[in-house]
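J.: Have a look at this prediction, sequence included:
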Amino acid sequence: MPEIGSLLASLDQPRYRADQMFNWVYKRHVRSFDDMTNFSKTLRSQLSETVHIGHVSMETIRSSNDQSTHKLLFRLSDGQFIESVYMIEGKRQTVCLSSQVGCALNCDFCATGQMDFIRNLTAGEIVDQLLFIHNHFQTEATNIVFMGMGEPFSNYEQVLKAAHLISHENGIAIGKRKVTISTSGIIPTIRRFADDGEKFKLAISLNATTNAVRDQLMPINKRYPIGELLNVARYYATKTRHRVTFEYVLMAGVNDSVEDAIRLRKLLAGLPCKVNLIPYNGTGTYQRPTEARIDAFIKPFLNENIVISVRRSKGDDIDAACGQLYYQTQKRK
Ligand code: SAH
Ligand code: SF4
């Protein structure tokens with residue numbers, strides 16, 4: 001981490017101090033210079049005066065009854081709020097990170113979309129959501145998803161910087177294929193991501209099979225419609241040889257018919273991909289389909305070359321599904 005190196009050099013410290021600090025912050029989950037016990041008292045106080053670690057502080061935490069899901073509300077240094085979710089499923093521990101305060105894209109089924117866009121997060125603020133969780137739960141996540149508040153590809157530099165920090169082998173060291181970046185479909189940035197040869201997983205929120213319905217759900221579709229979006233997904237798959245994951249939020253009577261499923265199968269034919277169905281969460285304008293409807297949606301995909309799965313979010317009792325953040329916060333205020 002060059003920043004740590006130059007900071008310590010400016011304090012006339014030897015080079016190995018940078019590695020020590022990296023180790024304290026990323027491996028030993030320390031959130032205060034005072035806890036870096038192999039640093040002299042003078043150095044610790046010099047550091048505290050110069051920089052602060054800890055970009056986020058916890059405002060509240062809500063945990064599901066079964067303790068498998070925890071939703072944390074963080075306060076940033078300028079008083080803004082963001083949320084992260086920590087989910088435990090056996091050995092798999094997933095942290096869902098926010099990339100922006102609010103979101104400018106206004107998807108009408110999404111709680112964050114109802115909020116104004118306020119600002120991008122810095123890479124420090126993004127990584128610190130994870131470091132806080134590591135420290136608070138004395139744990140280490142195995143998987144990261146950029147599916148919290150905001151559109152990661154509208155904050156590309158900082159999100160990629162954070163993703164690289166998270167996967168850096170001397171630090172948190174989560175494998176690149178265990179880090180998923182989810183986008184609503186910003187076509188030029190998907191192309192850039194492919195051209196940059198980034199190894200992180202790509203997920204695209206498709207959510208509809210016709211432009212008429214997608215225009216309604218996701219206004220960004222008017223700019224980047226389904227046909228062009230699937231073209232860039234094909235470009236990505238060819239260029240990187242990685243599968244794309246398509247997320248599809250199922251909303252009763254909106255996009256969950258068998259005709260939709262058949263159209264979806266046709267749209268994705270020949271595209272190396274996976275489909276992740278997410279039954280709508282929350283109590284807004286939309287409703288989650290019944291289990292029978294979900295089963296009927298999956299049926300046309302059986303015996304096909306497309307892997308399809310249903311993400312049944314736990315933590316429903318605390319509205320902690322990714323993409324469902326903020327709403328409760330707003331209500332509470
Ligand atoms: N902006 C990015 C990432 C954040 S949203 C994107 O749109 O992909 C992460 C995922 O949550 C998206 O797939 C989105 O479609 C989904 N989502 C949003 N609101 C939801 C809700 N109420 N229920 C279920 N999924 C939702
Ligand atoms: Fe933004 Fe994603 Fe929510 Fe759409 S679904 S409003 S892009 S966070």
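T.: Okay, I see it. Ligands and ions are numbered 1, 2, ... in the order given.
J.: In terms of helices and strands, where is the residue of the chain most remote from its centre?
T.: Note on the chain: the largest C-alpha distance from the chain mean falls to residue 42, namely 38.6 Å (Cα atoms, centre = their mean). Secondary structure assignment for residue 42, by DSSP states H and E: helix 41-50.
J.: Can you give me the buried ones in that helix?
T.: Going by neighbour count (16 or more other Cβ atoms under 10 Å), the buried part of helix 41-50 is 43-44, 46-47. Any C-beta I mention is one placed from the backbone N, CA and C, and that applies to glycine too.
J.: can you tell me which of these lies nearest to ligand 2?
T.: Each of the buried residues of helix 41-50 was checked against ligand 2 using Cβ to the nearest ligand atom; the closest is residue 47, at 35.8 Å.
J.: what's the residue lying closest to that closest one once chain neighbours are set aside in contact with, if anything?
T.: Once flanking residues are discounted, residue 47 sits nearest to residue 33: 4.5 Å by Cβ to Cβ, 6 or more residues apart in numbering. By Cβ atoms under 8 Å, 6 or more residues apart in numbering, the residues touching residue 33 are 39, 44-45, 47-48, 53.
J.: coming back round to it: can you name every helix or strand that the helix holding residue 42 contacts?
T.: Helices and strands touching helix 41-50, as assessed by 3 or more Cβ pairs under 8 Å, 6 or more residues apart in numbering; DSSP states H and E, are absent.
J.: So in that sheet, which strands flank the following helix or strand past it, and in what orientation?
T.: As assigned by DSSP H and E, the chain's next helix or strand after helix 41-50 is strand 56-63. According to DSSP bridges, strand 56-63 forms sheet pairs with strand 69-76 (antiparallel).
J.: So which bits of the partner strand are buried?
T.: For strand 69-76, a neighbour-count test (16+ other Cβ under 10 Å) marks 69-74, 76 as buried.
J.: Does ligand 1 have contacts with that strand?
T.: No. For strand 69-76, no contact with ligand 1 is found by Cβ under 6 Å from any ligand atom; the gap never falls below 13.9 Å.
J.: Show me what secondary structure element comes after that strand.
T.: Downstream of strand 69-76, the first helix or strand assigned by DSSP H and E is strand 81-89.
J.: Is that next one positioned near ligand 2?
T.: No. Using Cβ under 6 Å from any ligand atom, strand 81-89 stays clear of ligand 2, coming no nearer than 11.6 Å.
J.: Mind giving me the packing neighbours of that strand?
T.: Against strand 81-89 (3+ Cβ pairs under 8 Å, 6+ apart) you get strand 69-76, strand 92-96, helix 123-137.
J.: Let me have those in CSV, extended by distance to ligand 2.
T.: CSV is the format used below for those (distance: least, Cβ to the nearest ligand atom, whole Å):
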stretch, distance to ligand 2
strand 69-76, 16
strand 92-96, 11
helix 123-137, 15
